[in-house]
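> model the following, please.
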Amino acid sequence: MTDTADGATERTAGATHVGDGEATDARLVAALAGTLDEAGRGRRTVARLTDTTDLDLDTAYRVQRAVIDRRVARGEALIGVKMGFTSRAKMVQMGVDDVIWGLLTDAMLVEEGGVLDLGELIHPRIEPEIAFLIGSPLSGTITPTEAVRAIAGVSVAYEVLDSRYADFKFTLPDVIADNASAAGFGFGTWHDPTGLDLSNLGLLVEIDGRVVATGSSAAILGNPLRSLIAAARLAAEAGLELRPGWVVLAGAATAAMPLPKGVHVRVSAAGLGRAEVTTR
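Okay, here's the model as predicted:
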């Protein structure tokens, strides 16, 4: 395995995966999910799962789903998905040829202009995104036209990332199992997608009025709509559908940046307004 600059890891050829044998069973998945879930609840880091278990991607997604199932059992509700590795350059860097995804629950949502308590997180980061509001069910292989017809709204958004792993370093299976580092998100006013060209919208991130990052929606697979199409495909593969009222975070328009306490963050996008959050 070869570590990449931000901690993700490319798998070496010929590795023996957990999924190759009897070790991939409900007990193993439950144990790994318990490790990550309890680390998140206790706001503590753990060693990468792959340090002791040769985890394949299918099993990593099973762990991710089991972690979310534990949260749902405690009263949370699924309300959407977040997409990851939506930059072509990032895919090449990570040695992968597809996006990844994580699941969003209502407990992760920060109301517009609200306050985010960073005391509940380990090492939070933030990135600007484009979000879609689902208006009609989506699942499987869909065309761009079908994707547009299913959108009830588009907004500028942000995602707060966190990792249960020490030093924010992990392999690809590790980050998938850890729900693609999803921790929180917020979005601005929903806009009618009719006639909107999402392919090259400028995005801006300000912290306490100072510009800290600029980017373009073109960084999201060339057009965020492609990310929505990928989300529908991955949903079908997971036995899910993107439901009316769900939110899809299309992916980051810039690199994630550290999110400090006691600051005001504003994310804006040309034609879509802004989304704001204050940390404590």
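
> and residue 186, that's in a strand?
Yes - with DSSP: H, G, I helix; E, B strand; the rest coil as the criterion, residue 186 is assigned to a strand.

> what about the closest residue to it other than its chain neighbours, distance to residue 205?
Nearest non-adjacent residue to residue 186, counting by Cβ to Cβ, 6 or more residues apart in numbering: residue 110, 4.2 Å away. In this view, the C-beta of every residue, glycine as well, is placed from N, C-alpha and C. Here residue 110 is placed at a distance of 15 Å from residue 205 (Cβ to Cβ, to the nearest Å).

> ok, residue 242 next?
27 Å.

> between the two, which has more neighbouring residues?
residue 242 (25 against 21; other Cβ atoms under 10 Å).

> contact partners for the more buried one?
80, 81, 134, 137, 138, 139, 150, 231, 232, 235, 248 (Cβ atoms under 8 Å, 6 or more residues apart in numbering).

> where's it relative to residue 276, distance?
26 Å.

> before we move on, what about residue 99?
27 Å.

> same drill for those two, tell me which one is more crowded.
Applying other Cβ under 10 Å to residue 99 and residue 276 shows that residue 99 carries more neighbours, namely 23 against 17.

> you'd agree residue 106 is up against residue 75?
No - counting by Cβ atoms under 8 Å, residue 106 stays clear of residue 75, with 9.2 Å between them.

> quick one: which of the two has more around it?
Ranked by neighbour count (other Cβ under 10 Å), residue 106 and residue 75 place residue 106 first, with 12 against 9.

> what are the phi and psi angles of the more buried one?
phi -60, psi -20 (degrees, to the nearest 10).

> next up, the contacts around it.
Contacts of residue 106 by Cβ under 8 Å, 6+ apart are 76, 77, 79.

> again, 10 Å this time
Residue 106 makes contact with 71, 75, 76, 77, 78, 79, 80 under the criterion Cβ atoms under 10 Å, 6 or more residues apart in numbering.

> okay, now residue 107: neighbour count?
12.

> next: residue 69.
15.

> same check on residue 192?
Residues near residue 192, counting by other Cβ under 10 Å: 10.

> what sits closest to it if chain neighbours are left out?
residue 153 (7.0 Å).

> ok, what's across the strand from the one you found?
residue 133 (DSSP bridges).

> cool, and residue 161?
residue 125, residue 182.

> ok, residue 278 next?
For residue 278, the beta-bridge partners under DSSP bridges are residue 115, residue 264.

> can you list the low-confidence ranges for this structure?
1-24, 89-97 (pLDDT under 70).

> which residues of it fall in helices?
Along the chain, the stretches classed as helices by DSSP state H are 26-42, 57-73, 88-94, 144-150, 172-177, 224-237.

> buried sites along the shortest one?
Which is helix 172-177. 172, 173, 174, 175, 176, 177 (16 or more other Cβ atoms under 10 Å).

> other SSEs contacting that helix?
strand 9-10, helix 26-42, helix 57-73, strand 100-105 (3 or more Cβ pairs under 10 Å, 6 or more residues apart in numbering; DSSP states H and E).

> could you identify which of the ones you listed is most buried?
When you average the neighbours per residue for each of the helices and strands packed on helix 172-177 (mean count of other Cβ atoms under 10 Å), strand 100-105 leads with a mean of 24.

> note down every partner strand of that one and its orientation.
Sheet pairing of strand 100-105 (DSSP bridges) gives strand 78-84 (antiparallel).

> quick check: the closest residue to residue 196 other than its chain neighbours vs residue 40, distance?
Counting by Cβ to Cβ, 6+ apart, residue 154 is the residue found nearest to residue 196 once chain neighbours are left out, at 6.1 Å. Per Cβ to Cβ, residue 154 is found 30 Å from residue 40.

> same deal with residue 120?
Using Cβ to Cβ, we find residue 120 at a distance of 9 Å from residue 40.

> mind listing the shared neighbours of those two?
Common contacts of residue 120 and residue 40, defined by Cβ under 10 Å, 6+ apart, comprise 162, 183.

> before we move on, the earlier item: show me the contacts for the residue nearest to residue 192.
131, 132, 133, 134, 135, 187, 189, 190, 191, 192, 193, 247.

> 8 Å - rerun?
Here residue 153 is in contact with 132, 133, 135, 190, 191, 192, 193 (Cβ under 8 Å, 6+ apart).
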